[in-house]
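> Provided below are the primary sequence and the corresponding predicted coordinates.
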Amino acid sequence: MAGGRLFQRILFLLAIVPAPLFAASKPNIIIMLMDDMGWGDLGVFGHPSKETPNLDQMAAEGMLFTDFYTANPLCSPSRSALLTGRLPIRNGFYTTNDHARNGYTPQNIVGGIQDNEILISEVLSKGGYVSKIIGKWHLGHQPQFLPLKHGFNEFFGSTNCHFGPFDNKTTPNIPVYENDVMQGRYYQDFLIDTSSGLSDMSQLFIESALDFIDRQNTAGSPFFLYWAPDANHAPSYASKQFLGKSQRGIYGDATIELDYGVGEILKLLKKLKIDKNTFVFFTSDNGAAIVSRTFGGCNGPFLCGKETTYEGGLREPAIAWWPGKIEPGQVTHQLGSVMDLYTTAIDIAGLTPPADRVIDGKSLTATLFNKTVDESKVIYYYRGNELMAVRHGLYKAHRWTWTNSMEEFNKGINFCQGEEVTNVTTHDQMNHSSQPILFHLGKDPGEKYPLSSKSAEYVQAMKIIQPLIDEHLNNLIPGVAQLNWCDNGVMHWSPPGCEKINECIDPPKSNPQKCVWPH
């Protein structure tokens with residue numbers, strides 16, 4: 001079976017043919033994915049600090065998406081969905097170790113992105129694109145999972161988040177890669193001061209992006225840049241020139257610096273006169289981490305945050321920019337998802353997506369260029385292996401509710417700081433699938449006032465939503481779960497290239513165990 005899927009994948013990559021939309025001009029494509037940035041963190045989305053002038057200007061020159069979603073309330077699954085155009089339940093970025101648990105790719109994870117998944121970088125490479133990822137990968141760190149094995153031509157960043165520092169005895173420090181070779185480790189060679197938040201990593205990620213764009217422009221090559229800096233993720237960091245600039249503390253400093261980076265990238269596109277041939281999309285991987293309190297971001301009016309399937313966990317800031325193609329100053333209420341970026345980018349490149357599998361992403365080109373709204377769009381809110389909620393139009397139906405366990409809550413882990421909605425923000429996993437809790441997100445974006453199940457409005461809305469749920473679940477074929485097994489023996493003891501810089505560490509004996517996911 002696996003060999004057959006791989007053969008189908010090879011046939012697809014050999015058979016990609018241009019579609020007519022933008023085949024002649026081969027536009028450049030840039031996707032900017034932030035880490036733990038909330039819907040309410042940008043000035044244009046209402047944050048009172050007004051500290052994101054470049055992003056606000058990007059929105060003024062492009063199209064603001066008010067109803068844009070990630071595919072999972074945690075980093076690794078959401079990134080897998082963006083790059084494959086498929087829900088994590090399909091591409092394997094989930095766990096079956098327990099019900100509705102958020103899994104991801106810490107450095108002891110055994111699994112990662114599978115060869116039978118076709119990433120956006122692989123599709124674009126067949127159309128002549130040069131692709132680079134800068135920042136956080138998070139789709140597995142063993143050699144077979146690295147970006148250059150999955151269609152990217154260049155990589156500067158890390159396979160994991162910048163957690164640490166570690167002792168290199170029980171846990172090794174996380175490596176930073178240039179292409180497929182480590183250049184050093186966080187906290188040793190790439191410094192992050194956790195007491196002050198000082199680090200030059202964002203500047204390195206900005207400079208790498210500018211260099212890549214300049215080189216591809218000189219070479220005359222169409223390019224795909226996946227810019228995924230992680231400075232907003234705790235522990236947040238910023239370089240010296242931005243440290244202490246924000247009224248919001250270190251998280252705000254990190255946001256100001258990333259906003260600066262966005263501005264520098266757009267400025268270079270204009271300077272090189274390729275702005276009118278470059279599609280840029282800005283968004284985030286999941287909602288802000290409310291658990292970090294004043295050290296985290298803002299989800300605006302939405303309930304809870306990262307790790308949950310309430311609006312604060314999955315609704316993201318989103319801006320599309322393409323001078324001359326996207327009319328400036330537009331605001332759209334089109335429902336959208338990070339998975340749509342997969343299909344949109346392929347569409348813009350004049351290529352066709354894989355036809356041998358379910359692709360959950362839908363092209364947004366009609367919205368971007370014609371300002372149309374597809375009212376049939378459905379958003380599926382997954383947490384691990386469970387479909388927790390579904391949105392259609394302005395209605396959202398919760399099949400399950402859960403914040404986190406009372407045991408974790410009593411440890412101080414609170415994903416809904418200062419917010420409690422009776423029978424909604426539950427600490428037990430509550431099954432409402434026989435009678436979902438329904439909200440009207442137009443009247444009640446904060447999910448505070450459930451509609452009465454006896455009301456005509458509820459009955460009418462569920463007549464539409466329930467068949468969508470049934471059809472989705474009846475036709476769902478889950479992929480092989482990649483987030484079930486952990487092993488300290490596969491941690492970053494001796495990554496490729498460690499011998500060149502004398503940073504190899506002898507690993508412990510392999511001892512695979514089922515991963516424990518508390519949330």
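Great, that's in hand. Residues are numbered from 1 along each chain as shown.

> what pLDDT does the model give residue 25?
Residue 25 is assigned a pLDDT of 71 by the prediction.

> would you check that it makes contact with residue 277?
Yes - assessed by Cβ atoms under 8 Å, residue 25 is found in contact with residue 277 at 6.2 Å. The way it works is simple: take the backbone N, C-alpha and C, and place the C-beta from them, glycine included.

> higher neighbour count, these two?
Each of residue 25 and residue 277 had its neighbours counted (other Cβ atoms under 10 Å), and the higher figure belongs to residue 277 (18 against 13).

> where's residue 215 relative to residue 130, distance?
Here the criterion is Cβ to Cβ, to the nearest Å. By it, residue 215 lies 9 Å from residue 130.

> pick out whichever of these two has more residues nearby.
residue 130 (20 against 14).

> and residue 341, how far from residue 34?
The separation that residue 341 has from residue 34, given Cβ to Cβ, amounts to 14 Å.

> mutual contacts of the two, please.
Counting by Cβ atoms under 8 Å, 6 or more residues apart in numbering, the common neighbours of residue 341 and residue 34 are residue 283.

> return the residues in contact with residue 384.
Contacts were defined as Cβ under 8 Å, 6+ apart; by that measure residue 384 touches 94-95, 98-103, 517.

> one more: residue 237?
Shown here is residue 237, whose contacts under the criterion Cβ under 8 Å, 6+ apart are 162, 192-193, 197-199, 201-202, 231, 250, 254.

> same deal with residue 399?
Contacts were defined as Cβ under 8 Å, 6+ apart; by that measure residue 399 touches 386-390, 431-433, 436, 469.

> which residues touch the helix or strand hosting residue 135?
When secondary structure is defined using DSSP states H and E, the element that contains residue 135 is strand 130-136. Applying Cβ under 8 Å, 6+ apart, the contact partners of strand 130-136 are 33, 35, 75, 79, 121, 124-125, 147, 151-158, 160-161, 205, 208-209, 212, 216, 219, 221-230, 233.

> which of these are buried? Put it as a PyMOL command.
In PyMOL, this line selects whichever of these come out buried by 16 or more other Cβ atoms under 10 Å:
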select buried, resi 33+35+75+79+121+124+125+147+151+152+153+154+155+156+157+158+160+161+205+208+209+212+216+222+223+224+225+226+227+228+229+230+233
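
> sort out for me which of the contacts of strand 130-136 are in helices.
For the contacts of strand 130-136, membership in helices holds for 75, 79, 121, 124-125, 205, 208-209, 212, 216, 219, with DSSP state H as the criterion.

> a markdown table for these, including pLDDT and distance to residue 473?
Listed next are those as a markdown table, based on pLDDT from 0 to 100; distance: Cβ to Cβ, whole Å:
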| residue | pLDDT | distance to residue 473 |
| --- | --- | --- |
| 75 | 96 | 25 |
| 79 | 98 | 24 |
| 121 | 98 | 31 |
| 124 | 98 | 32 |
| 125 | 97 | 34 |
| 205 | 98 | 40 |
| 208 | 98 | 42 |
| 209 | 98 | 41 |
| 212 | 98 | 42 |
| 216 | 97 | 43 |
| 219 | 96 | 47 |
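
> helices or strands up against the lengthiest helix in the chain?
With residue count as the measure and DSSP H as the assignment, the chain has helix 250-271 as its longest helix. For helix 250-271, the packing partners by 3 or more Cβ pairs under 8 Å, 6 or more residues apart in numbering; DSSP states H and E come out as strand 28-34, helix 53-61, helix 201-219, strand 278-284.
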